[in-house]
Every structure is written in C-alpha cells, then in structure tokens.
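> sequence plus predicted model, see below.
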Amino acid sequence: MWLAALAGGAALPSVTSAKARPDITLRFSHVVAEETPKGLAASRFKVLVEQRSGGRIGVQVFPNAQLYGDHDEMQALQLGAVDLVAPSLSKFGRIGLPEFELFDLPFLFDDLSAVRRITLGPLGQKLLQGLPRQGLVGLGFFDNGFKQMSANRPLLEPRDFVNLRMRVQASRVIAAQMRALGARPVTLAFSETRQALATGVVDGTENPVSNFWTQHMHEVQSDLSLTEHGYLGYAVVTNQRFWQHLKTSDRALINQALQESLAFANQIADTQNDQALQALRQAGTTRIHTLTNGQRQRLRQAVQPVQQQLASRIGPSWMQDLKLALGHG
Ligand code: LMR
C-alpha cells in the first residue's frame, strides 16, 4: 500500500551483518494499521534499532491489536508482556492520569504548532513525569492529526448530532464533547469500532482520516464531515523496570531510534491523512463534507462548556498551565 516503503526507508540499508538471534527483543504492540503514522513510525523504529545494533536488539511489532487491544495493552505493558505501546493521549485517563485528557478538549489547538507548545514544552515534560506513578516511563509524543466526524448523514450543525450513538475512546472529555452536541457517547475499543458501525451498535464516530480509511470505516459510513474539531496524538510508553534494566548504551540507542521515528511520524502524519482523504474520494463510497466557517463556529460554540465542565477532572493547575502555554488569557 502507499507509503509502506517509507517505513522500511528506501534510504536505510538492510541489516547485513545481523546476528541470527537477537540478545534482546522488544515487543511493540499497537492497535492501528501499518499504513498509518503510528504503524509507519513503529516499522521505522524496528529498522533503525536492528540496523544500529547489528541485529543484537530485535524489535517485533504487533499492529492492528493483534496481541492486545485498548482494554489490555496498558496492563500488558505494566506486567511486562510487551515492552512498548503508543496509546492515544485519550487513553491515559483511565489508568489514573486524567490530565492527559487535556489534549481532547474540542477546538483547543488552532494548528500543530500549538500542539508543539505543549508536547515540546514544560507541560509535556510534566505530563510524562506522571507516568512512573503507574510503573511506566514516557518516551515522547507524536501526532496523528486532527479528527473528523463520520455517520450515515452529514454532521455539520449541532442539531445533526442529536441522539446519534457516537463511538468514543475512553476519555471523559470526548464523552462530554459528544453529549454537548446532543449525541450519546459509547466507549468502545478501536478494534471493535468498524464492526459496531457495520451492525448499527453505534451510528458514527470521530478519527483522523488515516484511521478511518485503513479500518475500512468508509465501507460502513456514508458521510464524513471535515470538522477538524479535535486533536489525536500519542505517547510512547515503556515499562519502568524493563527500561531501568537495559544497559545505558542500549537505552541510548533505543531512545535515539525512537526519537527519530517520532520525528518521522510527525513529518508524514499530514501527508498520510491527505492521501487517505484522496483515496477515500477515489473510492467513492462516502460523501465528504467541508464545513463553512459559520457551521464550524456553531459546533465550536456548542462544545464550549466542555472546558469548564471537565476542568476539575483534568485539574485546575493543569488547565492554568495549558492556558498559559497556549497564550489563551
Ligand atoms: C482510537 O481509538 O480511535 C485511536 O486512539 C486509535 C489510535 O491509536 O489511533
């Protein structure tokens, strides 16, 4: 599929003098397809680590919730059954880190440079520093992009959402956003979403186009509305015990490869979403709607109370830091 070659990196030589069997094998589990920003970053990471360690450190990537899904991947990491996961930032609230849900606040970021003010700034560092409370270490953030809304009807005005059952990730902020629009949020694992849409268990959902397309949601949703109402990004996390037991030089090698892979994901994320949108247009299964400024403004107004309502879940001091970092008075 498109861009699959990018992950292997045509410019990256293959591991020629690789050891037959690695001394260490890192297991990296994730829930999305390989041809997404996260899937491609994971594949890139594998190539870099194996190449630079001469095959001494291996990486096994398990995409598409093959091994663990949303409900158990974090627990699998805490138990040491896998070594790396990269859940969306919306999935940290339920392991006792609700401050990560600040990223889910609707219409919070005007663009990706606003996101960077958090992820590359002191607030991002402070968020990652909370992970050891759960026996985890946070290694960095990266993007998928901005989310769009889908259903079997256009979703252009708040009234279009009324009474729709919308699949959401396990984030109270996203649930509140759907309620503010008059919809009924239904929390489901990512891997169960397409089926739930197909069988009518839910009516619609939200995601960046690369996830929508690679999960074949377009086959079961007639309309995609380009709302860009919220951000979807990830944090890469590892198990603290595992991380501390690595040799310092191996830790440095793995971390360096990971940081490069995350930078790579950030570079390609936009293109991936654009290409998925183009593929979707060509497939012709789904009507694609662009919102007028007025429509987007009305959605924005409808979800505005969410900031106030969820401030106590996220934490008042986090909200204050957030406003300062974004320059929102
Ligand atoms: C979702 O559950 O919708 C996303 O978090 C999936 C992902 O990892 O991109």
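Nice, I can see it. Remember, it's a predicted structure, so these values are computed and weren't measured experimentally. Residues are numbered from 1 along each chain as shown.
> contacts and neighbour counts: CA atoms only from here.
Fine.
> any idea how far the residue of the chain found nearest the ligand is from residue 166?
For the chain, the residue closest to the ligand is residue 190, as judged by Cα to the nearest ligand atom, at 4.1 Å. Per Cα to Cα, to the nearest Å, residue 190 is found 13 Å from residue 166.
> and what of residue 242?
Residue 242 is 38 Å from residue 166, by Cα to Cα.
> how about residue 285?
In terms of Cα to Cα, residue 285 sits 20 Å off from residue 166.
> got the contact list for residue 207?
146, 147, 148, 149, 232 (Cα atoms under 8 Å, 6 or more residues apart in numbering).
> partner residues bridging it?
Counting by DSSP bridges, residue 207 forms beta bridges with residue 148.
> can you point out the buried residues in the longest helix belonging to the chain?
In the chain, assigned by DSSP state H, the helix with the most residues is helix 248-283. Neighbour counts over helix 248-283 (16 or more other Cα atoms under 10 Å) mark 250, 253-255, 257-259, 261-262, 264-266, 268-270, 272-273, 275-277, 280 as buried.
> for the next helix or strand after that helix, C-alpha coordinates in PDB please.
For helix 248-283, the following helix or strand on the C-terminal side (DSSP states H and E) is strand 287-290. Below are the C-alpha coordinates for strand 287-290, written out as PDB (Å, rounded to 0.1, in the frame of the first residue of the first chain):
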ATOM      1  CA  ARG A 287     -19.700  11.700   0.800                       C
ATOM      2  CA  ILE A 288     -17.100  14.200   2.100                       C
ATOM      3  CA  HIS A 289     -18.400  17.500   3.500                       C
ATOM      4  CA  THR A 290     -16.400  20.600   4.100                       C
END
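> and the average pLDDT for strand 287-290 is what?
Here strand 287-290 scores 98 as its mean pLDDT.
> so which elements touch that strand?
Strand 287-290 sits against strand 223-226, with contacts defined as 3 or more Cα pairs under 8 Å, 6 or more residues apart in numbering; DSSP states H and E.
> next, the angle helix 248-283 makes with the helix or strand just after the strand it packs on.
Downstream of strand 223-226, the next assigned helix or strand under DSSP H and E is strand 231-239. Computed with axes from the mean of the first three to the mean of the last three Cα atoms, to 10 degrees, the direction of strand 231-239 lies at 150 degrees from that of helix 248-283.
> show me what counts as buried in the helix or strand that strand 231-239 is followed by.
Heading C-terminal from strand 231-239, the first helix or strand you meet, by DSSP H and E, is helix 240-245. Of all the residues in helix 240-245, those buried under the rule 16+ other Cα under 10 Å are 240, 242.
> how many residues are close by residue 112?
Residues near residue 112, counting by other Cα atoms under 10 Å, number 14.
> next, the closest residue to it other than its chain neighbours: secondary structure please.
Spatially, and ignoring its direct neighbours in sequence, residue 112 is nearest to residue 145 (7.9 Å; Cα to Cα, 6 or more residues apart in numbering). Counting by DSSP: H, G, I helix; E, B strand; the rest coil, the backbone at residue 145 sits in strand.
> does residue 145 touch residue 234 like I think?
No: the pair residue 145 / residue 234 is not scored as a contact, 10.0 Å apart, by Cα atoms under 8 Å.
> give me the neighbour count for the nearest residue to residue 288 once chain neighbours are set aside.
Counting by Cα to Cα, 6+ apart, residue 224 is the residue found nearest to residue 288 once chain neighbours are left out, at 4.9 Å. A total of 28 residues lie near residue 224 under the criterion other Cα under 10 Å.
> with residue 91 instead?
Residues lying near residue 91 (other Cα under 10 Å) number 23.
> ok so, going back, how many residues are close by the residue of the chain closest to the ligand?
Based on other Cα under 10 Å, the number of other residues close to residue 190 is 20.
> repeat for residue 309
12.
> on the pLDDT front, check it for me.
So, for residue 309, pLDDT stands at 96.
> same check on residue 71?
The model reports residue 71 with a pLDDT of 89.
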